[in-house]
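# Need the 3D shape of this:
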Amino acid sequence: MHHLDLGLFKYMIEFTRQILLIYGGQAAIDNMDFRYNKIPKYSKLRHFPTGLHNFNRITAADYRALMKITVFVLEDLFPSTKKKLESEILQLFVNWNKMYLWSRENRFSENDLITFEV
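Predicted structure coming up:
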């Protein structure tokens with residue numbers, strides 16, 4: 001089953017927004033939405049002019065676009081006292097993207113499976 005169909009990435013975004021709300025307040029959420037809005041328009045990259053206000057109406061293609069830009073949106077968004085938490089969340093999103101791209105491969109070597117297991 002496809003990762004996006006399982007809603008895992010949506011859960012990651014919602015979880016991150018909850019953490020931001022706890023540690024940065026509504027201003028951090030607004031800043032996150034503002035950053036999504038400020039991502040420049042490029043071909044094959046979805047633009048989110050209102051941020052994630054209509055999060056329930058996002059398609060699978062929108063999630064793939066979000067996966068590409070969320071790491072950049074979250075960078076330096078957390079309060080200075082929570083930089084370790086920010087670093088861990090950013091690494092989680094980077095690892096997610098690597099796993100997602102890797103899972104779309106047609107073949108896996110034995111080394112790939114060992115790396116995936118770790």
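
# For stretch 16-29, what does the pLDDT average out to?
Mean pLDDT, stretch 16-29: 88.

# who touches the most centrally placed residue in the chain in this structure?
The centre of the chain sits closest to T70, judged by Cα atoms, centre = their mean, with a distance of 4.2 Å. By Cβ atoms under 8 Å, 6 or more residues apart in numbering, the contact set of T70 is I13, F93. Any C-beta I mention is one placed from the backbone N, CA and C, and that applies to glycine too.

# so where does it fall, helix or strand?
helix 60-74 (DSSP states H and E).

# Just the C-alpha atoms of that helix, please, in PDB.
C-alpha atoms of helix 60-74 as PDB (Å, rounded to 0.1, in the frame of the first residue of the first chain):
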ATOM      1  CA  ALA A  60      -1.800  12.800  -3.100                       C
ATOM      2  CA  ALA A  61       0.000  15.000  -5.600                       C
ATOM      3  CA  ASP A  62      -0.100  17.800  -3.100                       C
ATOM      4  CA  TYR A  63       1.400  15.500  -0.400                       C
ATOM      5  CA  ARG A  64       4.300  14.700  -2.800                       C
ATOM      6  CA  ALA A  65       4.800  18.400  -3.300                       C
ATOM      7  CA  LEU A  66       4.700  19.000   0.500                       C
ATOM      8  CA  MET A  67       7.300  16.200   1.000                       C
ATOM      9  CA  LYS A  68       9.700  18.100  -1.200                       C
ATOM     10  CA  ILE A  69       9.500  21.500   0.600                       C
ATOM     11  CA  THR A  70       8.500  20.800   4.200                       C
ATOM     12  CA  VAL A  71      12.100  20.400   5.400                       C
ATOM     13  CA  PHE A  72      12.900  23.900   4.100                       C
ATOM     14  CA  VAL A  73       9.700  25.300   5.600                       C
ATOM     15  CA  LEU A  74      10.500  23.900   9.100                       C
END
